[in-house]
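Q: A structural model of the following input is requested.
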Amino acid sequence: MTEQDFLTVTDSRTGQEYTIPITDGTIRSTDLRQIKVSESDHGLISYDPGLLNTAVARSRVTYLDGEAGVLEYRGYPIEQLAANASFLEVAYLLIYGHLPSEGELAGWVEDISMHTFVHENIKDFMQGFRYNAHPMGMLLASVGALSTFYADANVWDNPGSTDLHIRRLIAKVPTLAAFAHRHNLGLPYVYPDNDLSYTANFLSMLFKMSERQYHPDPRVERALETLFILHADHEQNCSTTAVRVVGSSHADPYSCVAAGIGALYGPLHGGANEAVLKMLVRIGDIGNVPGFIDGVKQGKERLMGFGHRVYKSYDPRARLIKQAADDVFEARGTSPLLDIALELEKRALEDDYFVSRKLYPNVDFYSGLIYQALGLPQEMFPVLFALARTSGWVAQWLEMVHDREQKIVRPLQIYTGDRGLEYKSLTGRG
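A: Numbers count the residues shown, from 1 in each chain. A predicted model of the protein is given here:
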């Protein structure tokens, strides 16, 4: 090793100097524990609320460079995958680490098709929800309930069993998502049609009525396929971390994915595209865009769908999703909200206030418009996000349970409360 492979730390409390190895641009936080004031001292702890500068995994699944606007799945640029691959092809890539051969893809698609149906008890379980239950809550509960149907669900170290559960999850989440939507509408559930593609089958379960067989518009089917690919994984975000945390206890994959859905249920994670739509509705007219922009600059308004926690340049997914939006509106007709969105994007990208702050459109800016054009209510937006992200969650879960460095997650805390208080009876508490 060379000198640059180490971090030298001098503790001002003791004058002691420590040498900490640097690997892949990181230090191990446990190496800080050698820095002590006394032998009885626990050692130095790093404090990182929100894990803003803490790596929790070594992963080969997704590469993300926010400064350069780069997103890759297993080394493949998202632009190439979105333009050429099917969603199930991308799901296979994420989970198994390589693009499938023709035979592997055929077997994978056939296996997924075989497992799209759910047990009738699950249908009864779904029917127990109130008519206006949030579909994300129904998806969360029903995915978690799947673990009770498979006795070996938590046998994570049996490859054959694990593969079967992976296929079940990828296959059944669209069915449960569609059932949740139909439940809200008071419509009968539509069973899977395995003669259709993965995405076309999902559209059929959402929208089929009296027709003998449902055939979606190819432009709509491909646009939704693109959205699923763009949402399939996104490195160590809130929901993926939730999946890994629960999975560290060797919980079954259904419970782990349910944990991811729970995290995505939060409006700060899965509700961004819904917030964009609400903003566009509030703007109301293309002529109100300049006033809204001024309001944002003055701190009176919030610009939703711009900027990203990770991306400091144009979100590469936003460019791709804009094309998908064009295809959907061509098939379904345009929307007044689209005109507002285009004008808002144009003015923001021409304004140094936003450009200097690196506030560019992100993937959520157009995805809500697409879902709305498909005829879906806003409550279903995070459900479609969860459907696509299941493939990434499963890939991350599988990688985590086979990583020998991983242990059950047990973070430390810095206690700031009282100590040594004496218990008093009710009459003596005053």
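Q: isn't H115 right next to I166, touching?
A: No - using C-beta atoms under 8 Å, H115 makes no contact with I166, being 9.9 Å away. Bear in mind the C-beta positions are built from the backbone N, C-alpha and C, glycine included.
Q: these two: who's more crowded?
A: I166 (23 against 19; other C-beta atoms under 10 Å).
Q: secondary structure element for the more buried one?
A: Per DSSP states H and E: I166 is located in helix 159-185.
Q: quick check: buried residues in that helix?
A: The neighbour-count criterion (16 or more other C-beta atoms under 10 Å) identifies 162, 164-184 as the buried residues of helix 159-185.
Q: do the same with stretch 370-384
A: Those would be 370-374, 376, 379-384, for stretch 370-384 by 16+ other C-beta under 10 Å.
Q: so P100 sits right up against V109, yeah?
A: No - assessed by C-beta under 8 Å, P100 is found out of contact with V109, at 9.2 Å.
Q: what's around I45, how many residues?
A: 15.
Q: again but with D285, I slipped
A: 10.
Q: and the pLDDT at it?
A: Residue-level confidence at D285 comes out at 92, pLDDT.
Q: give me phi/psi at it?
A: Phi and psi for D285, reported as degrees, to the nearest 10, are phi -150, psi 150.
Q: from L277, how far out is the nearest residue to it once chain neighbours are set aside?
A: Distance criterion C-beta to C-beta, 6 or more residues apart in numbering; nearest residue to D285, sequence neighbours excluded, is I340 at 7.2 Å. Distance, I340 to L277, by C-beta to C-beta, to the nearest Å: 10 Å.
Q: pLDDT below threshold where in this protein?
A: Regions of the chain meeting the criterion pLDDT under 70 cover residues 1-4, 311-312.
Q: now the helices for the stretch 101-250 of the chain?
A: Listed from the start of the chain, the stretch 101-250 of the chain has helices (DSSP state H, counting those that start in this stretch) covering 102-114, 120-127, 135-146, 159-185, 198-207, 218-231, 238-247.
Q: what packs against the third one?
A: Under the contact criterion of 3 or more C-beta pairs under 8 Å, 6 or more residues apart in numbering; DSSP states H and E, helix 135-146 touches helix 120-127, helix 159-185, helix 253-265, helix 381-401.
Q: and for the first one?
A: With contacts defined as 3+ C-beta pairs under 8 Å, 6+ apart, the secondary structure elements packing on helix 102-114 are helix 87-96, helix 159-185.
Q: dump the ones you listed to TSV, plus distance to Y18.
A: Listed next are those as TSV, based on distance: least, C-beta to C-beta, whole Å:
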stretch	distance to Y18
helix 87-96	40
helix 159-185	42
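Q: S46: neighbour count?
A: With other C-beta under 10 Å as criterion, S46 counts 11.
Q: so what's it closest to, chain neighbours aside?
A: S29 (4.9 Å).
Q: check S113 too.
A: Using C-beta to C-beta, 6+ apart, the nearest residue to S113 is N194, at 4.2 Å.
Q: contacts only, for the residue lying closest to L268 once chain neighbours are set aside.
A: Distances taken as C-beta to C-beta, 6+ apart place C238 nearest to L268, at 7.7 Å, with adjacent residues excluded. By C-beta atoms under 8 Å, 6 or more residues apart in numbering, the contact list for C238 reads 263-264, 266, 268-269.
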